[in-house]
Structure formats: C-alpha cells, structure tokens
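J.: What shape does this take:
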Amino acid sequence: MDVQKYCDIRSFEPDEQTLKALKTIERQTKLSNTLKTLVSTVPLYKIFVEPAPKGKTTFDALTYDWLAFEQTLKSINKYHRRRIWEIASSESLYSDSHDRKNRLFWECVQNATR
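T.: Numbers count the residues shown, from 1 in each chain. The predicted model follows:
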C-alpha cells in the first residue's frame, strides 16, 4: 500500500497517551542530540587540548581514528531510531487506550523508523 495514502490521517487529534509518548520521543531526541554534540567534541579535544606525547610538539590529525569516530556517530543515530521504533511499536499495541486514528498514527511512525 502507498505510504502517503496509508499515513494520510485526516482530522487527527492526539490523545493523552499519544502526547505522553511524543514527549518521551522528544526527550530521547534531545538526549541523542546532546550525546552527538559531546561525542563530536572528542576529536577537537584530542587534537587541540590533550597534552602531546613527550617530544612531540604537534598532533597529526591524520592519525586520529576517524573511522571509529564516524561509526560512533552512526551508532547514536541507529540507537535513536530504534528507540523511537520501540516507542511506536509499544503505542501501536495499546489498542485499548487509543482510537483508530491514534493507532494508525503509531503504525505509520513504526513503519517510518524501521
């Protein structure tokens, strides 16, 4: 089924449970962004602040493990996406506490974060 048609939810009003879950996702997003910012400063610290080994006056940026740095940043994004999927999956299963449009919304979020 076409995702645009499937996820076209007219007159959607999030219920209290959906709003609570969206706040959880917002908190998770802020934490992930903070973690990415902190991790991003590590190379700058290593290159410009950390004391150089004895006898070496400069740090060669080419020796920094940029591949590991890239993999670390990507893993934060994967974890964040997986966490949103887990929240959406959980919410889509709460069929008793959500109306049809709220369940459909969470199914769309779940599909979008696979």
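J.: could you pull out the strands for the chain?
T.: For the chain, strands defined by DSSP state E do not occur.
J.: so who does Arg83 touch?
T.: Gln28 (Cβ atoms under 8 Å, 6 or more residues apart in numbering). C-beta: built from backbone N, CA, C; applies to glycine.
J.: gap between it and Arg27?
T.: 10 Å (Cβ to Cβ, to the nearest Å).
J.: what's the pLDDT at the residue nearest the centre of the chain?
T.: Using Cα atoms, centre = their mean, the residue of the chain that lies closest to the mean C-alpha position is His80, 2.7 Å off. Each residue has a pLDDT score; the one for His80 is 92.
J.: Could you find the closest non-adjacent residue to it?
T.: Among residues not flanking His80 along the chain, Ser32 sits closest, at 4.1 Å (Cβ to Cβ, 6 or more residues apart in numbering).
J.: tally of neighbours for the one you found?
T.: Neighbourhood size, Ser32 [other Cβ atoms under 10 Å]: 17.
J.: and it, what does it touch?
T.: Contacts of Ser32 by Cβ under 8 Å, 6+ apart are 76-77, 79-80.
J.: switch to 10 Å and redo it
T.: Residues in contact with Ser32 (Cβ atoms under 10 Å, 6 or more residues apart in numbering) are 76-77, 79-81, 83-84.
J.: One more: Arg81?
T.: Neighbouring residues of Arg81 by Cβ under 10 Å, 6+ apart: 32, 112-114.
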